[in-house]
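Participant: Show me the folded form of this:
(chains A and B)
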There are 2 protein chains.
Amino acid sequence: MRAAVMRGTRLIVDDVPEPIPQAGEVLVKTLACGICGSDLHALKHRDLFFENSSGLGSQLDPGRDLVMGHEFCAEILDYGPNTEKLHPVGTRVCSFPMLVRGQQLAPVGYCNDVPGGYAEKMLLMEALLLPVPNGLATETAALTEPMAVGLHAVEMAHMTEDDVPLVIGCGPVGLAVISALKLKGAAPIIAADFSPARRKLAERLGADIVIDPASNSPYEDWQQAARASEQGQRAESNPLTGERLLPAGVFFECVGVPGVIDQMMVGAERGCRFVVVGVCMEQDHIKPLLGVTKELNLQFVLGYTPEEFALTLNNIAQGLINAEPLITGKIGVDGVPQAFTDLENPEAHAKIIVEPWH
Amino acid sequence: MRAAVMRGTRLIVDDVPEPIPQAGEVLVKTLACGICGSDLHALKHRDLFFENSSGLGSQLDPGRDLVMGHEFCAEILDYGPNTEKLHPVGTRVCSFPMLVRGQQLAPVGYCNDVPGGYAEKMLLMEALLLPVPNGLATETAALTEPMAVGLHAVEMAHMTEDDVPLVIGCGPVGLAVISALKLKGAAPIIAADFSPARRKLAERLGADIVIDPASNSPYEDWQQAARASEQGQRAESNPLTGERLLPAGVFFECVGVPGVIDQMMVGAERGCRFVVVGVCMEQDHIKPLLGVTKELNLQFVLGYTPEEFALTLNNIAQGLINAEPLITGKIGVDGVPQAFTDLENPEAHAKIIVEPWH
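Facilitator: Purely as a prediction, here's the structure:
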């Protein structure tokens, strides 16, 4: 079957063997698969990514082919042994992108043993299949995975009604965080990105105030908005000085390049909580003294739980999350290498969907 | 009056003007004042410390004298205007080391306007005075401040009965954390330090397992101890793979030099929470990817609340915290510059007490 393959340091299109379902597994046809920023990171920073891949569930081997793609919607083709065949062949499904083989995890899209969604066919676990509800469009269903990342990040923030969020970076991760914040009722939602196109998307997904960091400091604008907010109106005063305190800041790092956490630590107010969702592959620098004097909290987050994944699919299907505007392009497998380049331009693209059958 | 003064980049002994109490303030005689690691940091990294000093409450001026010392026990000499004179002159007192002058904070020991405890006399706020209870020895009462740092750090960790703590570094900060963990009933308490003398102190203050990082990995030993602990026995299994999970790790960073947080991030298990109590003055490096794949949480902490401070004094006075073993030397004001050098040897010293009247 045709697939976009990471071979050595290159991304090429080639024929790869069709996968054979093991016990409890299902063979599916990939209908749509989004290209994730992590895949771009994996190609660009291959050595670092492979070295640290055990944190994702399995150790990647740089000497073997890797077919990435973990943001998919698929169609059931055939059942492997020891399956209950609950859903008819032809059913459209999403799935938490993971196979469990004994005590081994095989993360779909980040495992040498099974292909991800940049191939015509994949294997999924029957126990994790979620039929696409409500006649939801296939390419929108494929956005379940990135949107679940936003839901998980917001869950890990343990938001209270006194918190005023700031989203740094409005790529797909930042946009998913914004939509999860909106669903949670957080207000005002403040977001910042250098790209006009991304700022427009941030507004469409629910941001109340969008900032261009080239002209305004997101941290100063956050302070102003927080002070003017309902939370700001009922904020307490410092018991020693009587000075009015700001609402608690919850800052989401959705960029993932060196220097952003440091910049956020400089800009943050005392007691601010950071949720680090962006995946910075390189070594980064911070000034611990800033963290200490401001008593900052940094919560690093990864992925989502199976429950958060299922909830996100339902939220999208019920129209509670408007994920569709993220899609800015559709391609076949042959277009994947070029798409990895095209995605570097935030004005042109947010999410490109691969349709390997195309 | 005589004082140890930070003047420019040097620490010298000189005469300085006696302070005059303003409204709500009390003139006190410094009976005992501990030398804090932060004071050593402030002298060594003066520019960085002064630049970031606003985080402590007031902006320090490198062009003016600074009399440090914020771990004190004192005796009331005289009351300023607008005071209630609740405690008789001669009463021994401790105090949250802060003056509030209108909307201005003056942190005692880190403010150019008022002297800290390395001087014969100080100013304190009447409203914050805490008489030393139970006939507690003066030099032990002076340890209230560093021990309160430990209590605050443990409070900020939000420990549950499933958590197994690891204390990295057994200087005064680490020892204070150990004593607060002991008081909280945490077990087993695991602690690591290169110094044999510090490891012995860690045991005296309540550590159950002490590790020499030169011969054993604190992180591997923590895993082993956590697995064997009561928490380890009742730990849940991974729902996907059935593998038994470890209890949650709460790691306290009590060293404050570059590279320690990174090393802890490498050694930590998934879901580990760090409490960063050590004050690293220089720029530090981390690998965010490690934080992300392990979903680590970093809580930076500073100081303590007035309530935690008062509670700590009572805990010491009631014998619930055994702070006295920390004291390894007593000197007069003239001995302060030499003590700053002596404290660099962890075999010889943990806490040196200055008695300016001596």
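
Participant: give the contact list for the residue most central in space within chain A.
Facilitator: Nearest to the centroid of the C-alpha atoms of chain A, with distances taken as CA atoms, centre = their mean, sits residue A:146, at 3.8 Å. The contact partners of residue A:146, by CB atoms under 8 Å, 6 or more residues apart in numbering or on different chains, come to A:34, A:36, A:71, A:172-173, A:176, A:326, A:351. In this view, the C-beta of every residue, glycine as well, is placed from N, C-alpha and C.

Participant: what does the helix or strand of chain A with the lowest mean pLDDT contact?
Facilitator: Least confident helix or strand of chain A, by mean pLDDT, DSSP states H and E, is helix A:230-233 with a mean of 86. The contact list for helix A:230-233 (CB under 8 Å, 6+ apart) reads A:161-164, A:187, A:226, A:246-247.

Participant: Could you point out the helix or strand that follows that helix?
Facilitator: The first helix or strand that comes after helix A:230-233 along the chain, using DSSP states H and E, is strand A:248-253.

Participant: ok, residue A:242 to chain B distance?
Facilitator: 7 Å (CB to the nearest CB, to the nearest Å).

Participant: picking up where we left off before, name the member of the contacts of helix A:230-233 with the most neighbours.
Facilitator: residue A:164 (26 neighbours; other CB atoms under 10 Å in any protein chain shown).

Participant: Just list the residues touching it, thanks.
Facilitator: A:186, A:188, A:190, A:222, A:225-226, A:229, A:231-232, A:247-250.

Participant: again, but for residue A:126
Facilitator: A:24-26, A:79, A:83-86.

Participant: Show the pLDDT at the residue of the stretch 51-200 of chain A at minimum distance from chain B.
Facilitator: The minimum distance from the stretch 51-200 of chain A to chain B, using CB to the nearest CB, falls at residue A:55 (2.7 Å). On the pLDDT scale, residue A:55 is placed at 79.

Participant: Residue A:239 too?
Facilitator: 67.

Participant: Assign the residue nearest to the centre of chain A to helix, strand or coil.
Facilitator: helix (DSSP: H, G, I helix; E, B strand; the rest coil).

Participant: The residue of the stretch 251-358 of chain A at minimum distance from chain B is in what secondary structure piece?
Facilitator: Going by CB to the nearest CB, chain B is nearest to residue A:293 of the stretch 251-358 of chain A, at 2.7 Å. Per DSSP H and E: residue A:293 is located in helix A:288-294.

Participant: Is there proximity between stretch A:278-290 and chain B?
Facilitator: Yes. Against chain B, stretch A:278-290 shows contacts by CB under 8 Å from any CB of the partner chain at A:278-281, A:283-290.

Participant: CSV for the residues you listed, including neighbour count and pLDDT?
Facilitator: Output for the residues of stretch A:278-290 next to chain B, formatted as CSV (neighbours: other CB atoms under 10 Å in any protein chain shown; pLDDT from 0 to 100):
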residue, neighbour count, pLDDT
A:278, 23, 92
A:279, 25, 88
A:280, 23, 88
A:281, 22, 86
A:283, 13, 93
A:284, 21, 96
A:285, 13, 96
A:286, 23, 96
A:287, 18, 93
A:288, 26, 94
A:289, 25, 91
A:290, 18, 92
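
Participant: near chain B, which residues of the stretch 251-358 of chain A show up?
Facilitator: Counting by CB under 8 Å from any CB, the stretch 251-358 of chain A sits next to chain B at A:256, A:261, A:270, A:276, A:278-281, A:283-302.

Participant: And residue A:344, its phi and psi?
Facilitator: phi -70, psi -10 (degrees, to the nearest 10).

Participant: ok, it to residue A:167 distance?
Facilitator: Residue A:344 sits 21 Å away from residue A:167, going by CB to CB, to the nearest Å.

Participant: what do you get for residue A:21?
Facilitator: Taken as CB to CB, the span from residue A:21 to residue A:167 is 40 Å.

Participant: So for these two, which sits in the more crowded spot?
Facilitator: residue A:167 (31 against 23).

Participant: so what's the more buried one closest to, chain neighbours aside?
Facilitator: Excluding its sequence neighbours, the residue lying closest to residue A:167 (CB to CB, 6 or more residues apart in numbering or on different chains) is residue A:191, at 4.1 Å.

Participant: For that neighbour, which residues are in contact?
Facilitator: A:166-168, A:170, A:174, A:178, A:199, A:202, A:207, A:209-211.

Participant: Beta-bridge partners for the closest residue to residue A:91 other than its chain neighbours, please?
Facilitator: Ranked by CB to CB, 6+ apart and with sequence neighbours excluded, the top spatial neighbour of residue A:91 is residue A:76, at 4.9 Å. Taking DSSP bridges as the rule, residue A:76 bridges to residue A:28.

Participant: quick one: the residue lying closest to residue A:25 once chain neighbours are set aside and residue A:126, what's the gap?
Facilitator: Among residues not flanking residue A:25 along the chain, residue A:80 sits closest, at 4.3 Å (CB to CB, 6+ apart). From residue A:80 across to residue A:126, the span is 8 Å (CB to CB).

Participant: residues bridging contact with these two, i.e. touching both?
Facilitator: By CB under 8 Å, 6+ apart, the residues touching both residue A:80 and residue A:126 are A:24-26.

Participant: Please identify which of the residues you listed is nearest to residue A:64.
Facilitator: residue A:25 (20.1 Å; CB to CB).

Participant: about what we covered before: per-residue confidence for the residue of the stretch 251-358 of chain A closest to chain B?
Facilitator: Value listed for residue A:293 in the pLDDT field: 91.

Participant: quick one on the thing from earlier: distance between the helix or strand that contains the residue nearest to residue A:167 and the chain's centre?
Facilitator: Using DSSP H and E, residue A:191 sits in strand A:190-192. Its chain's C-alpha centre and that of strand A:190-192 lie 17 Å apart, by CA atoms, centre = their mean, to the nearest Å.

Participant: And stretch A:82-98, by the same measure?
Facilitator: 23 Å.

Participant: Just the endpoints, please. Distance across that stretch?
Facilitator: 18 Å (CA to CA, to the nearest Å).

Participant: do stretch A:322-331 as well
Facilitator: By CA to CA, one end of stretch A:322-331 lies 22 Å from the other end.

Participant: neighbours of residue A:316, just the number please.
Facilitator: Counted with other CB under 10 Å, residue A:316 comes out at 26.

Participant: Is it located within a helix, as I assumed?
Facilitator: Yes. Assessed with three-state DSSP, residue A:316 lies in a helix.

Participant: so what's it up against?
Facilitator: A:136, A:140-141, A:143-144, A:147, A:323.

Participant: if you average pLDDT over the strand holding residue A:191, what comes out?
Facilitator: On average, strand A:190-192 scores 98.
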